[in-house]
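A.B. asks: Got a predicted model here, sequence first, then my questions.
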Amino acid sequence: MIITEIVRMKTVEGITKDEFIGIVDGLERNFHSRQKGFIDTELLYHDEENEWYMIQHWNSKDDLKQASKKIFKDKDAEDFVKSLDKQSVKMLILPKIATWANTL
């Protein structure tokens, strides 16, 4: 069963949008893409709320949990972890129920 993780977060003061996009690019290339069960990540930004949203898909909840345990200890995730306003981070972990796609 595919698992979707939705993370809402803000960055610490002083990090620009372009800087954060670069930090997340490094995180995806050097950390998430190397984790068992990782499928993909989307990064979104809400201008009015000054918040970032990361949407990830994983092959299983166990794969997600294992990666989540590693992220705070892995040197390839260090820049990402340091860039976050820890108080702002909120996560949802949900199983995929159905998918619709444009097939035209």
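C.D. replies: Thanks, I have it.
A.B. asks: For the residue nearest in space to the middle of the chain, which residues count as its bridge partners?
C.D. replies: Central residue of the chain (CA atoms, centre = their mean): Met54, 4.2 Å from the mean position. Residues in a beta bridge with Met54, per DSSP bridges, are Val7, Leu43.
A.B. asks: correct me, but it touches Val24?
C.D. replies: Yes - under the criterion of CB atoms under 8 Å, Met54 makes contact with Val24 at 7.4 Å. C-beta: built from backbone N, CA, C; applies to glycine.
A.B. asks: Which positions in the lengthiest helix in the chain come out as buried?
C.D. replies: Determined from DSSP state H, the single longest helix within the chain is helix 17-30. Residues 20, 23-24, 27-28 are the ones in helix 17-30 that count as buried (16 or more other CB atoms under 10 Å).
A.B. asks: re the thing from before, please give me every residue in contact with the residue nearest to the centre of the chain.
C.D. replies: 5-7, 9, 24, 41-44 (CB atoms under 8 Å, 6 or more residues apart in numbering).
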